[in-house]
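Visitor: need a 3D model of the sequence below.
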Amino acid sequence: MNKSQQGLPLYLSVVLLVTACSQEQRQTSHSTDPVTKQVMFDDFAYPDLAAFYANGWKSRDETGHPGIKGAAWSDEGISFHQAPTGAEYGILRMASQTAGQGENTRHTQICHARKYLQGTYAARVFFRDEPTFGPDGDEVIQTFYAISPIEAPMDPDYSETDFEYLPNGGWGHNHDPAMWTTTWETFQLEPWTPVNENTRQGGSYAGWHTLLLQVEEDAVRYYVDGQLFSTHSAAVAPEVHMSMNFNLWFMPKGADGSQGPLESTELREYQQDIDWVYHSAGELLSQDDVEQRVAALRANQQYFIDTVAEQSPALPSPCGL
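Guide: Predicted coordinates for the structure are as follows:
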């Protein structure tokens, strides 16, 4: 307590102390309130990357799958902005660029700790159908997903759950926009051998959308804007803890029929925005449930909390494939 607070009533001193603490750089909440117990929530109202990293996020910097071979992954495409129309507080923006070759391509990926398994995952994101600048038509992937490292080809303990929006088609389908949800049992890169269940729905998803995922031992359910999008079975349901991720990358030309990047040397950029992300461990929540909890956290000026327990010992959390 400073000199100006001496002699004040105890309750007023407490109010002043709480107010001062709220102005400090945001720290992880350890509240045991039912709304925040075993919860991770981030509103992405950051001043800079240092504050972002301080709350347990990482950005990918290793080259490799997926995406155009030889492309860079870096935090150059990560930025923070005041909330645009349709969002509250701040947003995180991912921006990825290509001119068609690995040496002139930059992908973007952010990852949070590998400690998430069963429960509810949700994020409010803004997808775009067209590049910010440059020619349109690249097979670009805009995502929200959870993933574990793959230890070896056809690793039986691998886990991955994906929302992927493809505004220009891909995965061997036409050039029309489509949303994909995919739950992975395992895979190997060479030769390409996927073991998964996936669902595709055509149509534009440009604009703000709430993506919600419910993970149980015997089922995985994907929702878009409160509507059930797909249900995948126990055969592919996650078995090991995953990190929560977002990435934005360009699909290479591949044996699965993907056409890859445009045949153009002109630089182009695609963007994806994130308003917030939320996870509740071990609970199956609806979109209304999540939105009520997000509103309550914001009303309490809790713009970042993380009370989800680490595994013991804590699992390595690489930000890569």
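Visitor: pull out the buried positions in stretch 184-199.
Guide: Neighbour-count burial for stretch 184-199, counted by 16 or more other CB atoms under 10 Å, picks out 184-187, 196-198. Using the backbone N, CA and C atoms, a C-beta is placed for each residue, glycine as well.
Visitor: closest to residue 317 out of the residues you listed?
Guide: Out of those, the one with the shortest distance to residue 317 is residue 184. That distance is 18.5 Å, counting by CB to CB.
Visitor: and that closest one, that one's in a strand?
Guide: Yes - the assignment for residue 184, made by DSSP: H, G, I helix; E, B strand; the rest coil, places it in a strand.
Visitor: farthest pair in the buried residues of stretch 184-199?
Guide: The span of those, defined through CB to CB, is set by 186 and 198 at 14.1 Å.
Visitor: ok, back up a step: which of the buried residues of stretch 184-199 sits closest to residue 231?
Guide: Nearest to residue 231 among the buried residues of stretch 184-199: residue 197, at 9.1 Å, using CB to CB.
Visitor: need the contact list for the closest one.
Guide: Contacts here follow CB atoms under 8 Å, 6 or more residues apart in numbering; on that basis residue 197 touches 182-183, 232-233, 235-236.
Visitor: gap between residue 141 and residue 53?
Guide: Taking CB to CB, to the nearest Å as the criterion, residue 141 is separated from residue 53 by 24 Å.
Visitor: which one's more surrounded, these two?
Guide: Comparing residue 141 with residue 53 by neighbour count (other CB atoms under 10 Å), the higher total belongs to residue 141, at 25 against 14.
Visitor: which secondary structure elements does the host helix or strand of that one sit against?
Guide: Assigned by DSSP states H and E, residue 141 falls within strand 140-147. On a contact count with 3 or more CB pairs under 8 Å, 6 or more residues apart in numbering; DSSP states H and E, strand 140-147 meets strand 119-127, strand 160-166, strand 207-215, strand 243-250, strand 268-281.
Visitor: quick one: contacts of it?
Guide: When contacts are defined by CB under 8 Å, 6+ apart, strand 140-147 is touched by residues 66, 96, 116, 121, 123, 125, 127-128, 159-168, 170, 211, 213, 215, 238, 242-251, 270, 272, 277, 321.
Visitor: the inter-axis angle of that strand versus strand 207-215?
Guide: For strand 140-147 against strand 207-215, the angle by axes from the mean of the first three to the mean of the last three CA atoms, to 10 degrees is 30 degrees.
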